[in-house]
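Peer 1: predicted model and sequence below, questions to follow.
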Amino acid sequence: MSESKRRKEKRRLTPGEVVVMAVLSVLVLAVSFPVLYALLNSFRSYAEITKDPMGLPTGLSFENYARLFQTTDYGEALVNTLVITVGTLVLLIAIVPMAAWGIERIGGRSSRWIYLLFIAGLMIPFQVRMIPLVSSMNQIGLYSTLTSVILVHLGGAASFGILLYCSFIKGVPREVEEAAEVDGAGRLRTFWSIVFPMLLPVTSAFVIIQALSLWNDFFIPLVFLDSSSAGTINVALSRMVGLLTSQWELIYTGAILAIVPSVILFAAFQRYFIKGMSIGAVKG
């Protein structure tokens, strides 16, 4: 065994590293405890939860998971959430990258003003726009439809997407686009065949950020979907909380099912998310 390996093996943690590890351990426990608590209670009955909230399940029963779909609108809410998330993401990817490319490459002097208008959208709180948006959606007959939620999400996420993509496109060499034009490619073909594949790192980061935000959103569906709709999963869970009684066993079960897609998505594409954000930051 070499001397360097022995030194590594004998190396001890410094006091600073011990403090960092202790703080990280506390943060991990603080973040994981609510999830673990909900998971354990999803296997307990209402009587068991109210009698001993901190108790452990007596067995591994999936009765709550079956009742959640049989006795509530959670199944419909799950489908609504999926439609809103996928529909908004498809529109964002179809519109935002091309709009950012047009601002950076085609817009000319007016592109700076267009860019500033998009950025201004980030500075205006949703609460300021909420009442005019609800009134407008009601007048055109889209209130309490999934389309209204998708359009509101689209308008809100587009500003952030423009900021992200414009910063990235500045680092894309123009020579590649000019070569495509020389070969006879039009602007649409140049973008989708040449430019868009080069935007995949930032696109992956953008999709993950928006997918998690859309899936977990509560306020916009609550405002734009009335009680006649099942709403989204978070709205459906909030309706299980009553003034006098609450279906805690179903609330914990629904919360666990709502968390699973987010965890799977981020775990599967974590490296692409980090790579996309780091590349975008360097190019920006």
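Peer 2: Received the coordinates, thanks.
Peer 1: show me the contacts for the closest residue to residue 247 other than its chain neighbours.
Peer 2: Leaving aside its sequence neighbours, residue 247 sits nearest to residue 240 (CB to CB, 6 or more residues apart in numbering; 4.5 Å). Where you see a C-beta, it was placed from the backbone N, CA and C, and this is true even at glycine. Contact analysis of residue 240 by CB atoms under 8 Å, 6 or more residues apart in numbering lists 72, 246-247, 250-251, 254.
Peer 1: ok, residue 247 next?
Peer 2: 46, 72, 240.
Peer 1: those in helices, which ones?
Peer 2: Of the contacts of residue 247, the ones assigned to helices by DSSP state H are residue 46.
Peer 1: lowest pLDDT pick from the contacts of residue 240?
Peer 2: Ranked by pLDDT, the contacts of residue 240 bottom out at residue 246 (81).
Peer 1: ok, that residue to residue 202 distance?
Peer 2: 42 Å (CB to CB, to the nearest Å).
Peer 1: check residue 182 too.
Peer 2: Residue 182 is 26 Å from residue 202, by CB to CB.
Peer 1: and residue 158, by the same measure?
Peer 2: Distance from residue 158 to residue 202, by CB to CB: 15 Å.
Peer 1: neighbour-wise, which of the two wins?
Peer 2: Legend: neighbour count by other CB atoms under 10 Å for residue 158 and residue 202, higher for residue 202 (25 against 18).
Peer 1: helix or strand: which one has the more buried one?
Peer 2: helix 200-216 (DSSP states H and E).
Peer 1: using CSV, write down the CA coordinates of that helix.
Peer 2: The C-alpha trace of helix 200-216 is given here as CSV (Å, rounded to 0.1, in the frame of the first residue of the first chain):
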residue,chain,number,x,y,z
LEU,A,200,-31.3,20.4,-25.4
PRO,A,201,-29.2,20.9,-22.2
VAL,A,202,-31.1,24.1,-21.3
THR,A,203,-34.3,22.5,-22.5
SER,A,204,-33.9,19.6,-20.1
ALA,A,205,-33.4,22.0,-17.2
PHE,A,206,-36.4,24.1,-18.2
VAL,A,207,-38.7,21.1,-18.6
ILE,A,208,-37.8,19.7,-15.2
ILE,A,209,-38.3,23.1,-13.4
GLN,A,210,-41.6,23.7,-15.1
ALA,A,211,-42.8,20.1,-14.7
LEU,A,212,-42.2,20.1,-11.0
SER,A,213,-43.8,23.6,-10.7
LEU,A,214,-46.9,22.6,-12.7
TRP,A,215,-47.4,19.3,-11.0
ASN,A,216,-47.2,20.8,-7.5
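Peer 1: extract the CA atoms of the helix or strand that it is followed by and return them as CSV.
Peer 2: Once helix 200-216 ends, the next helix or strand along the chain (criterion: DSSP H and E) is helix 219-224. What follows is helix 219-224, C-alpha atoms only, in CSV (Å, rounded to 0.1, in the frame of the first residue of the first chain):
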residue,chain,number,x,y,z
PHE,A,219,-53.1,28.4,-6.3
ILE,A,220,-53.8,28.7,-10.0
PRO,A,221,-56.0,25.6,-10.3
LEU,A,222,-57.8,26.7,-7.1
VAL,A,223,-58.6,30.1,-8.6
PHE,A,224,-59.5,29.1,-12.2
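Peer 1: number the residues from 47 up from this point.
Peer 2: Sure, I'll start numbering at 47, so the last one becomes helix 265-270.
Peer 1: and helix 265-270, what does it pack onto?
Peer 2: helix 172-185, helix 192-215, helix 279-285 (3 or more CB pairs under 8 Å, 6 or more residues apart in numbering; DSSP states H and E).
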